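[1] next come a sequence and a model predicted from it.
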Amino acid sequence: MSELAKDIVEIIDVKPNKTKVIIKWIITISLSLITLAFIFGQFKSSFFNRLDRIEKSVDGSAKATIDLKNEMLINFKLVNDRIDKVYTDGSKAFDDFQQYNNKQLGVIIDYGSSNKDLLKRMLEINTIEKTKNVQNELEQAKRTNPKDSFNIKVRAIKNE
């Protein structure tokens with residue numbers, strides 16, 4: 001680089017020797033600064049390219065996390081709705097069974113003084129039938145596959 005500066009300075013026709021030295025130093029310093037700026041720019045450019053890739057990766061991860069959170073909220077709502085449905089169905093079946101038993105007790109009170117054996121047999125058969133109906137409804141609710149109503153998909157986060 002000093003050879004290049006020497007060549008440039010020698011081409012310039014300046015009489016005083018002091019001015020020649022000053023111009024030589026200015027050109028040398030300028031070329032050095034330009035070279036340093038170029039090297040610094042290349043380093044900074046490659047450094048920022050790596051940072052851009054990291055930033056894109058972080059943005060992709062954040063987006064995937066938000067999508068997963070939204071999907072989980074939807075699926076948790078589906079699970080909660082299904083649990084509420086089971087409670088509601090069970091409560092309704094229990095209320096129906098209680099009402100049915102109350103009606104049977106009313107029949108016992110009304111017709112208890114007449115044919116007791118026939119009345120007891122009728123109540124036993126009706127109770128057994130009603131219990132089977134309640135059990136069948138609860139078994140049917142148990143058999144519904146939870147995978148039909150919701151599905152949580154776990155997937156890898158893709159780096160872009």
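    The structure has been received and is ready for your questions. Residues are numbered from 1 along each chain as shown.

[2] low-confidence ranges in this protein?
    Along the chain, the model assigns pLDDT under 70 to residues 1-2, 4-16, 110-116, 118, 144-160.

[3] distance check, R121 against T127.
    Between R121 and T127 the computed distance is 11 Å (Cβ to Cβ, to the nearest Å). C-beta: built from backbone N, CA, C; applies to glycine.

[4] neighbour-wise, which of these two wins?
    Neighbour totals were compared for R121 and T127, and T127 leads with 14 against 11 (other Cβ atoms under 10 Å).

[5] the host helix or strand of the more buried one packs against which elements?
    Taking DSSP states H and E as the criterion, T127 maps to helix 116-143. If contacts are counted by 3 or more Cβ pairs under 8 Å, 6 or more residues apart in numbering; DSSP states H and E, helix 116-143 sits against helix 17-111.

[6] return the distance of the helix it packs on from the chain's centre.
    When C-alpha coordinates are averaged (Cα atoms, centre = their mean, to the nearest Å), helix 17-111 and its chain have centres 7 Å apart.

[7] packing partners of that helix?
    Contacts defined by 3+ Cβ pairs under 8 Å, 6+ apart place helix 17-111 against helix 2-11, helix 116-143, helix 146-149.

[8] quick test: name the residue nearest the centre of the chain.
    With distances taken as Cα atoms, centre = their mean, L68 lies nearest the centre of the chain, 1.2 Å away.

[9] and the gap between that one and F76?
    Distance from L68 to F76, by Cβ to Cβ: 12 Å.

[10] likewise for K24?
    Taking Cβ to Cβ, one finds K24 at 77 Å from F76.

[11] more neighbours: which of these two?
    Taking neighbours as other Cβ under 10 Å, K24 and F76 compare with K24 leading, 17 against 12.

[12] that one and A37: what is the separation?
    Remark: distance between K24 and A37 (Cβ to Cβ) = 20 Å.

[13] just K120 next, same as before
    For K120 relative to A37 (Cβ to Cβ), the value is 106 Å.

[14] repeat for I83
    In terms of Cβ to Cβ, I83 sits 67 Å off from A37.
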